[in-house]
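*Asks:* pasting the structure only:
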């Protein structure tokens, strides 16, 4: 399984232009993961569902408590600002 992730990582590092070599690398990684019993289509669908659910939760939270959301955004901005300044 580790080799499949390495292949996907290398394909991402080569560029996201959608060239034939990166597509073949992605297909090879998918095939390698399938050899280990991982269904990549099911994983992609599950990830998309989780992202949609997270987006919905964030939107609901911001609508219900806009000042709290603004406070969290400011706090995260300060933390990232200090982190980037180092």
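*Replies:* Here it is on my side, so go on. What you are looking at is a predicted structure, and each value in this text was computed from that prediction instead of being measured.
*Asks:* all helices for the protein, in order.
*Replies:* 2-14, 20-35, 40-64, 66-85 (DSSP state H).
*Asks:* show me where pLDDT drops low in this structure?
*Replies:* 1-23 (pLDDT under 70).
*Asks:* Export the helices of the chain to a markdown table and append columns for mean neighbour count.
*Replies:* Heads up, the C-betas are built off the backbone N, CA and C, glycines and all. A markdown table is the format used below for those (neighbours: other C-beta atoms under 10 Å):
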| stretch | mean neighbour count |
| --- | --- |
| helix 2-14 | 14 |
| helix 20-35 | 14 |
| helix 40-64 | 11 |
| helix 66-85 | 10 |
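*Asks:* Let me see the domain layout of the protein.
*Replies:* 2-38, 44-85 (automatic domain parsing).
*Asks:* What residue in the chain is the furthest from its centre?
*Replies:* Relative to the centre of the chain, the most outlying C-alpha is that of residue 67, 27.6 Å out, by C-alpha atoms, centre = their mean.
*Asks:* and it, how far is that from residue 61?
*Replies:* 12 Å (C-beta to C-beta, to the nearest Å).
*Asks:* what's the answer for residue 81, then?
*Replies:* 23 Å.
*Asks:* quick one, phi/psi of residue 39?
*Replies:* Torsion angles at residue 39 (phi, psi; degrees, to the nearest 10) stand at phi -90, psi 110.
*Asks:* Now do it: how many residues are near it, please.
*Replies:* Close neighbours of residue 39, defined as other C-beta atoms under 10 Å, add up to 12.
*Asks:* Equivalent analysis for residue 38, please.
*Replies:* Residues near residue 38, counting by other C-beta under 10 Å: 13.
*Asks:* and the gap between residue 58 and residue 65?
*Replies:* Residue 58 is 11 Å from residue 65, by C-beta to C-beta.
*Asks:* Check residue 80 too.
*Replies:* According to C-beta to C-beta, residue 80 and residue 65 sit 22 Å apart.
*Asks:* do residue 37 as well
*Replies:* In terms of C-beta to C-beta, residue 37 sits 43 Å off from residue 65.
*Asks:* Before I go, just wanted to say thanks for your time.
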